[in-house]
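Asks: this one's sequence-less:
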């Protein structure tokens, strides 16, 4: 039988444990962020998304006061990394550098274990990287008009490279094919690098690539820039017309980037991240770095970002269906 003295000692011990647990819980629930943040890039290291993601992580660290660690989880058309974040604890410490592929295109093309929109809480759409229509230097076409005339003269002879089925270069070229009314043939590659290598080497004719990937080859004369797939000309190549200026309207294409958290992330955490992103994108040095990569910086509220992705899903569904890529 426990004596009154021992009972008092036990009560004090349990009370101390309870107080310690309460303090630990209070510390864990302190102001966000209180620990390092992981930013998942669903693509391999070294590509355009990686350049953006690592620069963004450095700037977010400055704004949030905690380390932001980039973790590459490539594969599955960005599905592996996206699913990892969708299944993470919704506390704001695991974020996704998302794209149209991760949130929209891959879920349209194949069965994914996550919903590209419903399983995420969007912080913002943070950047947009327009594409460029480029050609091998030996192609007998100095303009989009020349290319269209050549393709119509010999249907099925002109081919285009992509970074794989459903990639931004594939869907951008498919959109160009539809809007220009030409018969061109798709040659898929395992990524942008091998596609560019064969384009420079003359094994394929044209491609719709993001500006950052194609710019060094354009400047060195190893690729011809025919048109910018954006609503206005790029300040990096001001002499290159847009597709609309070249007579092919409605063929604009780009790779956009989101900052997204798992569904259920608290609204105050999303707001904290959104405010930090606003300050990042307002930084002059960061802006110069992104401009050199052909990246346009965007600021959206969480609600605006969600609406943007939903709108992109509607547009991409039509394009994916017309390209025969919809999942069965």
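Replies: Looks like it came in fine. This is a predicted model, so every value here is computed, not measured.
Asks: and the gap between the residue lying closest to residue 80 once chain neighbours are set aside and residue 145?
Replies: Leaving out its chain neighbours, the residue that sits closest to residue 80 by Cβ to Cβ, 6 or more residues apart in numbering is residue 73, at 5.3 Å. For every residue, glycine as well, the C-beta is placed using N, CA and C. According to Cβ to Cβ, to the nearest Å, residue 73 and residue 145 sit 43 Å apart.
Asks: Give me the more crowded residue out of the two.
Replies: residue 73 (19 against 13; other Cβ atoms under 10 Å).
Asks: quick one: the more buried one from residue 179, how far?
Replies: 35 Å.
Asks: what about the strand or helix carrying residue 318, distance to the chain center?
Replies: Per DSSP states H and E: residue 318 is located in helix 302-322. The chain centre lies 14 Å from the centre of helix 302-322; the measure is Cα atoms, centre = their mean, to the nearest Å.
Asks: Figure out how far the helix or strand that contains residue 132 is from the centre of its chain.
Replies: Per DSSP H and E, residue 132 falls inside strand 120-135. Chain-centre distance of strand 120-135: 6 Å, with Cα atoms, centre = their mean.
Asks: what lines up beside that strand in the sheet?
Replies: strand 206-210 (antiparallel), strand 224-229 (antiparallel), strand 254-262 (antiparallel), strand 296-297 (antiparallel) (DSSP bridges).
Asks: Figure out which of those is closest to residue 41.
Replies: Ranking those by proximity to residue 41 (Cβ to Cβ) places strand 254-262 first, at 9.9 Å.
Asks: Might you list the low-confidence residue ranges for the stretch 1-150 of the chain?
Replies: Within the stretch 1-150 of the chain, the segments meeting pLDDT under 70 span 1-30.
Asks: same check, this time on the stretch 201-328 of the chain
Replies: In the stretch 201-328 of the chain, no residues with pLDDT under 70.
Asks: mind redoing it with 90?
Replies: The stretch 201-328 of the chain contains residues with pLDDT under 90 at 210-213, 293, 322-325, 328.
Asks: Helices of the stretch 101-250 of the chain, residue ranges please.
Replies: 106-109, 144-153, 168-180, 192-200, 211-219 (DSSP state H, counting those that start in this stretch).
Asks: got those helices as TSV, with distance to residue 92 columns?
Replies: TSV is the format used below for those (distance: least, Cβ to Cβ, whole Å):
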stretch	distance to residue 92
helix 106-109	23
helix 144-153	45
helix 168-180	28
helix 192-200	32
helix 211-219	29
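Asks: deepest of those, which one?
Replies: When you average the neighbours per residue for each of the helices of the stretch 101-250 of the chain (mean count of other Cβ atoms under 10 Å), helix 168-180 leads with a mean of 24.
Asks: what pLDDT, on average, does that helix get?
Replies: If you average the pLDDT over helix 168-180, you get 95.
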